[in-house]
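Q: Generate a structure from the sequence data that follows.
(one chain, ligands or ions: 1)
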Amino acid sequence: MFKSSWLPLAPALGEVLLLNKASNAERRQLVVGNWKMNGNLQQNAALLAKVAAGWQGEHNADVVICPPFPYLMHTNSLLSGSSVLLGAQTVSENDQGAYTGEISCPMLADLNCKFVIIGHNERRRMQGETDEQVARQFVAVHRAGLIPILCVGESLKDREQGRQLETISRQLNAVFAHTGKDVFKNAVLAYEPVWAVGTGKTATPEQAEEVHRFMRAQLGGLASEVRILYGGSVKSHNAQQLFALPDIDGALLGGASLDADEFLAICKAAD
Ligand code: 13P
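A: Numbering: from 1, shown residues only. Below you'll find the predicted structure:
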């Protein structure tokens, strides 16, 4: 499935759906499976065998799996021959040196990683990653020729106070301040409302589309080129409805990426 959207008019949701066909910029849908801290060699082998068999050859959507670091090489070898690409869940802002326990972008590139998730809300909240740190990680990923998947999203409190766009804007601007906007040509954005992650509560299409449209507008001249994923309790039963929205270009999956049938059903919905 290819997406295009028409931004300058900033129309209401219903109007966007109609205007969607008016632009000629096209974006390939992207589905990213973030396994988080799950799996083991045996389970991964079974899951990847099914996924690799189910995603061969040419498609209209890109599919990426981000396993935990220790399983990157194993995952890479089990995906060879399929069209599924490899990604990582986070990375150091430094390229090498005395940083015990850290993993660098050149190491990820060495292992055939193409994508790196950065700024995931679990890392912002549990590891205390700041907007500044995420911006420096973005720069490192870009420097290594990898594609950052920059996650942003508001807390439940922000949402209840109607401050979701303010939070998203702060998180995006922290990166723009380091990089400018041009580098987003080779980046992916992901909107993950914190209150929807792992909770079974998905943002309504209106809530998701409002934020995606806002994020797209922040990208200026690149607005129609950058892929913006939605993440937060996406499952096969709600994926189609989200993917039909003009400013949603795919999904960042947690739980659903651990089940081959569910994962492939979502990939097919994006295809
Ligand atoms: P769930 O799909 O389990 O809600 O997780 C979303 C997520 O955090 C992906 O990065």
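Q: What is the burial count for the nearest residue to L219 once chain neighbours are set aside?
A: Leaving aside its sequence neighbours, L219 sits nearest to V226 (CB to CB, 6 or more residues apart in numbering; 5.4 Å). Where you see a C-beta, it was placed from the backbone N, CA and C, and this is true even at glycine. As a burial measure, V226 scores 20 neighbours (other CB atoms under 10 Å).
Q: isn't V226 right up against F184?
A: Yes. V226 is in contact with F184 according to CB atoms under 8 Å; the separation is 5.2 Å.
Q: Which residues are in contact with D261?
A: K50 (CB atoms under 8 Å, 6 or more residues apart in numbering).
Q: And the strands in the stretch 51-200 of the chain?
A: With DSSP state E, counting those that start in this stretch as the criterion, the stretch 51-200 of the chain has strands at 61-66, 85-88, 115-118, 147-152, 188-191.
Q: before we move on, the earlier item: what residues do V226 and F184 have in common as contacts?
A: L219.
Q: and the gap between the residue nearest to L219 and the ligand?
A: As for V226, its distance to the ligand is 18 Å (criterion: CB to the nearest ligand atom, to the nearest Å).
Q: Contact partners for that residue?
A: R27, F184, K185, A187, V188, L189, R216, L219.
Q: What is the neighbour count of the nearest residue to R143 once chain neighbours are set aside?
A: Nearest residue to R143 in three dimensions, chain neighbours excluded: C105, at 6.9 Å (CB to CB, 6+ apart). A total of 26 residues lie near C105 under the criterion other CB under 10 Å.
Q: list the contacts for C105?
A: C105 touches V91, S92, D95, V116, A140, V141, R143, A144, L146, counting by CB under 8 Å, 6+ apart.
Q: quick one: contacts for T202?
A: A196, A208, G232, S233, V234, N238, L242.
Q: again, 6 Å this time
A: A196, S233, N238 (CB atoms under 6 Å, 6 or more residues apart in numbering).
Q: Equivalent analysis for W35, please.
A: P67.
Q: What backbone torsions are found at it?
A: Listed backbone geometry of W35 is phi -70, psi -10, with angles given as degrees, to the nearest 10.
Q: Next one: the residue in the chain positioned nearest to the ligand relative to R163, how far apart?
A: At 2.3 Å from the ligand, G254 is the closest residue in the chain, using CB to the nearest ligand atom. Here G254 is placed at a distance of 24 Å from R163 (CB to CB, to the nearest Å).
Q: out of the two, which sits in the busier spot?
A: Using other CB under 10 Å, the more surrounded residue of G254 and R163 is G254, with 21 against 15.
Q: Just the CA trace of stretch 198-217, in CSV.
A: Extracted in CSV, the C-alpha atoms of stretch 198-217 (Å, rounded to 0.1, in the frame of the first residue of the first chain):
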residue,chain,number,x,y,z
GLY,A,198,0.8,-2.6,26.0
THR,A,199,-2.5,-1.6,27.5
GLY,A,200,-4.9,-2.9,24.8
LYS,A,201,-6.2,0.7,24.5
THR,A,202,-5.6,2.0,20.9
ALA,A,203,-5.9,5.7,20.1
THR,A,204,-9.0,6.3,18.1
PRO,A,205,-8.5,7.0,14.4
GLU,A,206,-9.3,10.7,15.1
GLN,A,207,-6.8,10.9,18.0
ALA,A,208,-4.0,9.2,16.0
GLU,A,209,-4.7,11.1,12.8
GLU,A,210,-4.7,14.4,14.7
VAL,A,211,-1.2,13.8,16.0
HIS,A,212,0.2,12.3,12.8
ARG,A,213,-1.0,15.2,10.8
PHE,A,214,0.5,17.6,13.3
MET,A,215,3.9,15.7,13.2
ARG,A,216,3.8,15.8,9.4
ALA,A,217,3.2,19.5,9.4
